[in-house]
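Trainee: quick one: sequence plus predicted model below, questions after.
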Amino acid sequence: MTLADLLDRSSAASPFREALLRFINDGRSSERIRFGYGCPPVKVQRTLHKALVEYPALPIESIELRASSGCEYFRGTLIVRTLTEERHIAFHWDCKWRAESEGWRDWFGFPDQTRAAREFDWDCFRAWNEDEVIQVAPLLVMEQDAARPVLVDAILA
């Protein structure tokens, strides 16, 4: 299933959906999908895929990745934000570990991490642990032309 298919089935908020579709096209960090220079877009995409698999019913407003990347790994913390909570997930994507688990070896006898990354793509997570869930109070504001208050994501406001 593609990332776009998962997005169609998710409860993610509209602004996050739009940001994810832009990310799929350009691979760039944005206000709703934040990651640093050391995070390759392909590894960010795998992590976003896993997040949508794990949290299809969560009304995601934004995601932030604080991670580091090496040849065979991508590890760090994923922060998934909704209007009312932040979920902090410690993750470790590791294609070498996956190749070893499958018993796959390359021509030189090393774990065939290229094959594992290609065949399992997003499903090479050796760890995905929800460390904490922080409740946040939504911010209630009045829009200029609105007759009623509107909830605003306090984190993005």
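Mentor: Perfect, thanks for sending it.

Trainee: the spatially most central residue of the chain: what's it in contact with?
Mentor: Closest to where the C-alpha atoms of the chain average out (Cα atoms, centre = their mean) is Leu48, at 2.8 Å. The neighbours of Leu48, taking Cβ atoms under 8 Å, 6 or more residues apart in numbering as the test, are Leu3, Leu20, Phe23, Ile33, Ile63. Quick note: C-beta positions are derived from backbone N, CA and C, even for glycine.

Trainee: name the member of those with the most neighbours.
Mentor: Within the contacts of Leu48, neighbour counts (other Cβ atoms under 10 Å) peak at Ile63, which reaches 26 neighbours.

Trainee: so for it, what's the pLDDT?
Mentor: Ile63 carries a pLDDT value of 98.

Trainee: start the count at 12, not 1, going forward
Mentor: Sure, I'll start numbering at 12, so the last one becomes Ile74.

Trainee: distance of it from Phe27?
Mentor: 8 Å (Cβ to Cβ, to the nearest Å).

Trainee: what do you get for Glu113?
Mentor: In terms of Cβ to Cβ, Glu113 sits 33 Å off from Phe27.

Trainee: who's more crowded, those two?
Mentor: Using other Cβ under 10 Å as the criterion, Glu113 and Phe27 rank with Phe27 on top: 22 against 14.

Trainee: circling back to that earlier point, shared neighbours of Ile74 and Phe27, anything?
Mentor: Counting by Cβ under 8 Å, 6+ apart, the residues touching both Ile74 and Phe27 are Arg43, Ile44.
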